[in-house]
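Participant: pasting the structure only:
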């Protein structure tokens, strides 16, 4: 496939029934301000819709914001769908109200990184830059 040129593309999504998207919008803006292309899917997206969007948009990563407590189910569903669609090169990261004890389990399932509520937008931008597709050389 080769290395895709251009900015890192990130789909920012709010899966499930959670109606609060301020955090997701703050992250989307921070990534955009850092020169990335951000596709924000809005509220109440199903894992299928999120994965469809990521594949259609040729995204490099999916950032999930989950405050509803359904993070174990929702992260797993997105990762399983990416595998099914042979798109597991799309990195999945996320944040929200996620208990410390669940983080190792999520990482074992394939979530690349979890940001808890104390994380700064700068730390998230730095992580995406360091871990999502390196844009050097084409």
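Facilitator: That came through fine. These figures come from a predicted structure and were not determined experimentally.
Participant: Tell me which other helices or strands the longest helix along the chain touches.
Facilitator: Ranked by residue count under DSSP state H, the longest helix found in the chain is helix 71-84. If contacts are counted by 3 or more C-beta pairs under 8 Å, 6 or more residues apart in numbering; DSSP states H and E, helix 71-84 sits against helix 47-56, strand 61-66, strand 91-96, helix 103-109. Every C-beta, even on glycine, is put in place using the N, C-alpha and C of the backbone.
Participant: mind listing what's buried in it?
Facilitator: 71, 74-79, 81-82 (16 or more other C-beta atoms under 10 Å).
Participant: what do you get for stretch 114-132?
Facilitator: Buried, per 16+ other C-beta under 10 Å, within stretch 114-132: 114-115, 121, 124-125, 128-129, 132.
Participant: quick one: average pLDDT of it?
Facilitator: Stretch 114-132 carries an average pLDDT of 94.
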